[in-house]
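Student: Take this sequence and fold it.
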Amino acid sequence: MRNFIEQMRNKGLVTDVHEPVSSRFDAPKRAFSTDQLLFFHNLDGKKAVMNLVASRESLATALDVPSNTLVPRLASCRYDGKLIDAGTLQLRPVDLDEIPIMENYPGEAGRYLNSGVVFSRYEGVENASVHRMLKAGKDRL
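Tutor: Okay, here's the model as predicted:
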């Protein structure tokens, strides 16, 4: 992640935000108004980034491909890998209060992860999908 942010910074695609910013309406409003990667140095007292791949150029940078070849490159991707059991992960209890989850608009049901990736397995088939997920508790979406 640090390398990607540095690549984006070298291309002039990062805006550093040093003043205190709230995850309640303020940060989402700022992200909506730009395609720049926003690096918040004080988002609810924590460091955070938004708009990691908000433009075709930033996605091409993340994938290390020229932006004019991005669409054909993505269209040609195939997964030929194999899943391996690489050992047990050392997990700790989830505490969603530790991260600044955005509240985007007045009147919404609460705070949302706007592009959360869900990994699942059903009848032996693996899948990853992107969802907007409502924070429903300290350890529940």
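Student: from here on, contacts and neighbour counts on C-alpha atoms
Tutor: Noted.
Student: tally of neighbours for the closest residue to I99 other than its chain neighbours?
Tutor: Take I99 and drop its neighbours on the chain: the residue closest to it by Cα to Cα, 6 or more residues apart in numbering is K46, 7.9 Å away. As a burial measure, K46 scores 13 neighbours (other Cα atoms under 10 Å).
Student: Ok, L37 next?
Tutor: Neighbourhood size, L37 [other Cα under 10 Å]: 23.
Student: Report the contact partners of it.
Tutor: Residues in contact with L37 (Cα atoms under 8 Å, 6 or more residues apart in numbering) are 8, 13-15, 49-54.
Student: ditto for Y112
Tutor: Under the criterion of Cα under 8 Å, 6+ apart, the contact partners of Y112 comprise 101-104, 132-135.
Student: Which parts of this protein are helices?
Tutor: Assigned helices in the chain, in chain order: 2-10, 26-32, 56-63, 70-75 (criterion: DSSP state H).
Student: Most tightly packed of those?
Tutor: Of all those, helix 56-63 carries the top mean neighbour count, a mean of 18, counting by mean count of other Cα atoms under 10 Å.
Student: what distance separates it from the centre of its chain?
Tutor: What separates the centre of helix 56-63 from the centre of its chain is 14 Å, taken as Cα atoms, centre = their mean, to the nearest Å.
Student: what's the answer for stretch 45-59, then?
Tutor: 7 Å.
Student: coming back round to it: looking at the helices of the chain, which is closest to L113?
Tutor: helix 26-32 (11.2 Å; Cα to Cα).
Student: most remote residue from the protein's center?
Tutor: Most distant from the centre of the chain: E123, at 28.1 Å, with distances by Cα atoms, centre = their mean.
Student: Run through the residues that contact that residue.
Tutor: Applying Cα under 8 Å, 6+ apart to E123 gives no contacts.
Student: Please spell out the PyMOL selection for the buried subset of the contacts of L37.
Tutor: A single PyMOL command selects the buried members of the contacts of L37 (16 or more other Cα atoms under 10 Å):
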select buried, resi 8+13+14+15+49+50+51+52
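Student: Alpha carbons of stretch 85-97, as PDB, please.
Tutor: C-alpha atoms of stretch 85-97 as PDB (Å, rounded to 0.1, in the frame of the first residue of the first chain):
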ATOM      1  CA  ASP A  85      -3.500 -24.000   2.800                       C
ATOM      2  CA  ALA A  86      -0.600 -21.700   3.900                       C
ATOM      3  CA  GLY A  87      -1.200 -22.100   7.600                       C
ATOM      4  CA  THR A  88      -3.400 -20.600  10.200                       C
ATOM      5  CA  LEU A  89      -3.900 -16.900  10.400                       C
ATOM      6  CA  GLN A  90      -3.400 -15.200  13.700                       C
ATOM      7  CA  LEU A  91      -6.600 -13.300  14.100                       C
ATOM      8  CA  ARG A  92      -7.800 -11.000  16.900                       C
ATOM      9  CA  PRO A  93     -11.400 -10.100  17.800                       C
ATOM     10  CA  VAL A  94     -12.900  -7.700  15.300                       C
ATOM     11  CA  ASP A  95     -13.600  -4.200  16.600                       C
ATOM     12  CA  LEU A  96     -15.100  -2.000  13.900                       C
ATOM     13  CA  ASP A  97     -15.000   1.000  16.200                       C
END
